[in-house]
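K.L.:
generate a structure from the sequence data that follows.
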Amino acid sequence: MNYFDLPRLFVLPFLFIFGLCIGSFLNVCIHRFPVKVRLRDQLKALTSHGSGCPRCAASIKWRDNLPLIGWLLLWGKCRNCKRPISPRYPLVELLTGILFIVVYQVEMPPDFWGTVGEAGLFSPEGPQNIPPLSSAAVWLHVRYLLHIAMICCLSVATFIDFELRIIPDGCTLPMMLFAVTVSTICGQAFIVPLWFQDASVASTLRSISPDWLRPLLFSWDCLPFAIQHPHVHGFLVSIAGLIVGGGMIWMVRLAGFWVLRQEAMGFGDVVLMGMIGSVIGWQPVTAVFFLAPILAIFAAILAWISRRDREIPYGPWLSLATLAMILCWPILWPLAERILDMGPFVLLMGLFMFVSLVACLQLIQLLKRLFGYASKTA
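P.N.:
Numbering: from 1, shown residues only. Reported below is the predicted structural model:
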């Protein structure tokens with residue numbers, strides 16, 4: 001029996017308690033990151049003085065700092081000044097503990113005498129079809145560690161962005177570096193490989209395409225490269241996800257600046273999406289890019305109706321879309337896979353969609369001028 005064969009009745013309560021403790025640390029990050037500008041200062045703030053009441057500055061006793069329990073024993077009030085303690089603290093701790101369990105249940109097979117195909121993040125192109133550098137139990141747990149660390153960073157970014165509409169570098173850049181490092185060392189932390197495609201689709205597209213376009217519709221089997229150079233492949237998967245994830249948000253930001261003369265996306269969203277891509281790869285992060293606006297549209301409508309606010313923080317919806325992609329992988333991935341199977345044609349589609357976005361924004365601006373609606377920059 002090895003460490004990975006422990007029964008879930010033991011593993012899940014341990015993960016929940018450990019998640020509560022990590023959630024307590026995330027509360028510190030949420031509180032301290034926004035007060036510093038530079039990454040170095042944000043990280044240094046985590047090692048500074050101990051916890052204290054934000055109102056009366058009284059030191060918090062160790063028993064009051066117990067995750068979830070401390071807040072409940074105090075009835076949600078400071079022991080010294082009796083003022084209410086924000087319910088955000090126990091909420092973050094409880095949410096983190098639950099996510100530690102839920103993500104583990106999704107990502108791991110029911111038992112390790114079963115097959116990797118029974119795990120929630122199974123995909124036919126995934127690392128299970130590549131000769132393992134270590135046992136499946138090891139790389140599955142490494143991948144789980146990588147994903148749960150990303151989700152913790154997304155939680156910090158979400159709560160800060162909701163409140164202050166900023167995403168500090170402390171909750172993105174360290175995770176980005178960690179993801180690239182782990183992906184390179186492990187070589188099998190990816191969900192899907194660097195490249196996959198349906199060769200028949202490429203062949204069909206080449207047969208009906210003009211001569212100048214045919215060289216772009218290539219067909220490449222990534223499996224031999226991934227087998228021969230697993231660490232290089234893991235590095236490239238992470239870097240490609242970083243570039244594509246951040247690049248897509250940057251292109252939207254660029255289109256908004258060209259047409260609207262204002263930021264359509266904050267730079268924090270660019271870095272956040274780059275971090276997500278460095279963990280899950282460029283194909284899944286592309287699916288997240290299209291899923292996020294579907295989730296955000298309801299919040300945008302509600303904000304407009306209730307407060308006439310035309311802007312909403314977008315980072316939380318990128319985070320929620322990423323979490324949905326992981327938890328609902330068997331449902332969402334097959335829908336995205338049908339498009340991504342087209343291989344190099346996806347790159348051409350991306351270019352076409354960017355041009356279409358710029359054209360649509362230009363058309364909207366033209367219609368607003370025709371009907372007498374002045375733009376914000378006018």
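K.L.:
going by C-alpha atoms from here, please, whenever you check contacts or count neighbours.
P.N.:
Noted.
K.L.:
what ranges do the helices span in the stretch 101-250 of the chain?
P.N.:
136-164, 173-186, 199-208, 223-228, 230-260 (DSSP state H, counting those that start in this stretch).
K.L.:
export the ones you listed to JSON lines and tack on mean neighbour count and mean pLDDT?
P.N.:
As requested, the helices of the stretch 101-250 of the chain are arranged in JSON lines below (neighbours: other Cα atoms under 10 Å; pLDDT from 0 to 100):
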{"stretch": "helix 136-164", "mean neighbour count": "20", "mean pLDDT": "94"}
{"stretch": "helix 173-186", "mean neighbour count": "20", "mean pLDDT": "97"}
{"stretch": "helix 199-208", "mean neighbour count": "14", "mean pLDDT": "77"}
{"stretch": "helix 223-228", "mean neighbour count": "15", "mean pLDDT": "91"}
{"stretch": "helix 230-260", "mean neighbour count": "21", "mean pLDDT": "91"}
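K.L.:
I figured residue 314 was touching residue 267, is that so?
P.N.:
No: with contact defined as Cα atoms under 8 Å, residue 314 does not reach residue 267; the gap is 11.1 Å.
K.L.:
which of those two has more neighbours?
P.N.:
The neighbour comparison of residue 314 against residue 267 (other Cα atoms under 10 Å) goes to residue 314, with 22 against 16.
K.L.:
if we can go back for a sec, a markdown table please, covering the helices of the stretch 101-250 of the chain and showing distance to residue 39.
P.N.:
What follows is the helices of the stretch 101-250 of the chain, written out as a markdown table (distance: least, Cα to Cα, whole Å):
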| stretch | distance to residue 39 |
| --- | --- |
| helix 136-164 | 14 |
| helix 173-186 | 8 |
| helix 199-208 | 44 |
| helix 223-228 | 34 |
| helix 230-260 | 19 |
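K.L.:
and of these, who's closest to residue 27?
P.N.:
Nearest to residue 27 among these is helix 136-164 (7.7 Å), distances taken as Cα to Cα.
K.L.:
for that closest one, packing partners?
P.N.:
helix 8-32, helix 88-107, helix 173-186, helix 267-280, helix 315-327 (3 or more Cα pairs under 8 Å, 6 or more residues apart in numbering; DSSP states H and E).
K.L.:
what's the offset of the worst-scoring helix or strand of the chain on mean pLDDT from the middle of its chain?
P.N.:
One helix or strand of the chain scores below all others by mean pLDDT, DSSP states H and E: helix 199-208, with a mean of 77. Distance, stretch centre to chain centre, for helix 199-208: 33 Å (Cα atoms, centre = their mean, to the nearest Å).
K.L.:
cool, stretch 209-217 as well?
P.N.:
Put simply, stretch 209-217 sits 35 Å off its chain's centre (Cα atoms, centre = their mean).
K.L.:
and the contacts of it?
P.N.:
202, 205, 206, 343, 344, 345 (Cα atoms under 8 Å, 6 or more residues apart in numbering).
K.L.:
can you tell me which of those lies nearest to residue 16?
P.N.:
Residue 16 lies nearest to residue 343 out of the contacts of stretch 209-217, by Cα to Cα, at 40.4 Å.
K.L.:
got the phi/psi numbers for the nearest residue to the closest one once chain neighbours are set aside?
P.N.:
Among residues not flanking residue 343 along the chain, residue 197 sits closest, at 4.7 Å (Cα to Cα, 6 or more residues apart in numbering). Taking degrees, to the nearest 10, you get phi -160, psi 160 for the backbone angles of residue 197.
K.L.:
may I ask you to confirm that residue 197 is in contact with residue 340?
P.N.:
Yes: between residue 197 and residue 340 a contact is recorded at 6.9 Å, counting by Cα under 8 Å.
K.L.:
where does residue 56 land on pLDDT?
P.N.:
If you check residue 56, the pLDDT there is 68.
K.L.:
swap that for residue 114, sorry
P.N.:
In this prediction residue 114 is given a pLDDT of 54.
K.L.:
need the contact list for residue 39.
P.N.:
So residue 39 contacts 168, 169, 170 (Cα under 8 Å, 6+ apart).
K.L.:
wait, doesn't residue 122 sit right on residue 116?
P.N.:
Yes: assessed by Cα under 8 Å, residue 122 is found in contact with residue 116 at 6.9 Å.
K.L.:
how about the contacts made by the residue nearest to residue 343?
P.N.:
Residue 197 is in contact with 219, 220, 340, 341, 342, 343, counting by Cα under 8 Å, 6+ apart.
K.L.:
that older thread, could the contacts of residue 39 go into TSV alongside pLDDT?
P.N.:
Output for the contacts of residue 39, formatted as TSV (pLDDT from 0 to 100):
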residue	pLDDT
168	95
169	96
170	95
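K.L.:
pretty sure residue 251 sits against residue 353.
P.N.:
No: look at residue 251 against residue 353 with Cα under 8 Å: they stay out of range, at 10.7 Å.
K.L.:
any idea which residue sits dead centre in this protein?
P.N.:
residue 276 (3.8 Å; Cα atoms, centre = their mean).
K.L.:
residue 12: neighbouring residues, count only.
P.N.:
Neighbourhood size, residue 12 [other Cα under 10 Å]: 18.
K.L.:
from residue 357, how far off is it?
P.N.:
Residue 12 is 45 Å from residue 357, where distance means Cα to Cα, to the nearest Å.
K.L.:
cool, and residue 89?
P.N.:
From residue 89 across to residue 357, the span is 40 Å (Cα to Cα).
K.L.:
over to residue 65?
P.N.:
Computed as Cα to Cα, the residue 65 to residue 357 distance reads 49 Å.
K.L.:
ditto for residue 94
P.N.:
Distance from residue 94 to residue 357, counting by Cα to Cα: 40 Å.
K.L.:
higher neighbour count, the two?
P.N.:
Neighbours were tallied for residue 94 and for residue 357 using other Cα under 10 Å; the higher tally belongs to residue 94 (20 against 16).
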